[in-house]
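Enquirer: Mind looking at a prediction? Sequence and model below.
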Amino acid sequence: MRKVVIVTGSSRGLGREVALVFGRSGWGVAVNYLRSKTEAEKVAEEIMSSGGDALLIRADVGELVQAENLINAAVARFGRLDVLINNAGISNEGLLLRLSENILDETLRTNLKGPFNAIRAASEVMARQGFGHIINISSITGVKGRGGHSAYAASKAALIGLTKAAAIELAPHGIQVNCVLPGYMPTDMGEAASDKAKENALADNLLKTYSEPAEAAFFIFNLIYIKSVSGQVFNLDSRII
């Protein structure tokens, strides 16, 4: 039986690379998207052509029922759930004193409530199995903060806290929970950042280079095979935290 992974927000960027690295290794991959159906279909097709198996699922994990439907659809199709990657996220820039309540709510809903809902639904399946690994994609901004990104920083800091709390609660059920800070990457989200944000990310980087989505995906894929690690935060670039 194939091992199975769900990757939220896997139509583009890091999520796409993560879905593909699992698919190329013969895994069953639930490719989740919200709006980018055409891109998600291309990811699913590439997984199928490379020897993996893909299930395309539209779901807004910010809604608990849709998150549950995502998990249940994957289990119904593949018969198990080995790994959940909470990758879906958004970044909204704006000074704290000018940030609207709607932007704050939207950012927290996507970056924190979404992973919470997916973890809640997936952990029930994994607990019955007696195994599973959940990886949350956070950001160095959640550790160090960044001017003009208060909503994003708050959501990603909270996701790190959620990772550690969930790791403690779920360890008795054989479920690992870890967090990855992938670094600044030239994805759609990264390119949408201001020039100043890009300059600062590069200036703080000891090696003066951006992170590569394919390398981050490779790290995530290998992390799930390490059985003695849970509740940890892995920083994947050379900015010191």
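Expert: It's in. All values derive from a computational prediction rather than experimental measurement. Residues are numbered from 1 along each chain as shown.
Enquirer: Could you pull up the residues touching residue 153?
Expert: 139, 141-142, 145-146 (CB atoms under 8 Å, 6 or more residues apart in numbering). Any C-beta I mention is one placed from the backbone N, CA and C, and that applies to glycine too.
Enquirer: all helices for the chain, in order.
Expert: For the chain, the helices defined by DSSP state H occupy 13-23, 37-49, 64-78, 101-108, 114-129, 141-144, 150-170, 188-191, 195-203, 213-223.
Enquirer: Please work out which of those helices is packed deepest.
Expert: For those, the largest average neighbour count (mean count of other CB atoms under 10 Å) is found in helix 13-23, namely a mean of 26.
Enquirer: quick check: mean pLDDT across that one?
Expert: Here helix 13-23 scores 98 as its mean pLDDT.
Enquirer: ok so, going back, is it possible to get CSV of the helices of the chain that adds distance to residue 58?
Expert: Formatted as CSV, these follow (distance: least, CB to CB, whole Å):
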stretch, distance to residue 58
helix 13-23, 14
helix 37-49, 7
helix 64-78, 9
helix 101-108, 19
helix 114-129, 14
helix 141-144, 27
helix 150-170, 23
helix 188-191, 18
helix 195-203, 30
helix 213-223, 22
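Enquirer: hang on, the earlier thing: widest-spaced pair of the contacts of residue 153?
Expert: Greatest spatial distance in the contacts of residue 153: 139 and 145, 10.5 Å, computed using CB to CB.
Enquirer: Give me the below-cutoff pLDDT ranges for the protein.
Expert: For the chain, applying pLDDT under 70 flags the ranges 187-194, 196-197.
Enquirer: Name the residue most distant from the centre of it?
Expert: residue 97 (28.8 Å; CA atoms, centre = their mean).
Enquirer: State the distance from that residue to residue 147.
Expert: 12 Å (CB to CB, to the nearest Å).
Enquirer: Now do the same contact list for the residue minimising distance to the centre of the chain.
Expert: The centre of the chain sits closest to residue 87, judged by CA atoms, centre = their mean, with a distance of 1.8 Å. Residue 87 makes contact with 7-10, 14-15, 18, 137 under the criterion CB under 8 Å, 6+ apart.
Enquirer: what do you get if the cut-off is 10 Å, keeping everything else the same?
Expert: If you count contacts by CB atoms under 10 Å, 6 or more residues apart in numbering, residue 87 has them with 6-10, 13-19, 32, 114-115, 135-137, 180, 182, 217, 220.
Enquirer: Ok, residue 38 next?
Expert: With CB under 10 Å, 6+ apart, residue 38 has these contacts: residue 11.
Enquirer: Just confirm residue 41 contacts residue 55, I think it does.
Expert: No - Residue 41 is beyond contact range of residue 55, at 11.9 Å (criterion: CB atoms under 10 Å).
Enquirer: what is in contact with those two at once?
Expert: Common neighbours of residue 41 and residue 55 (CB under 10 Å, 6+ apart) are residue 31.
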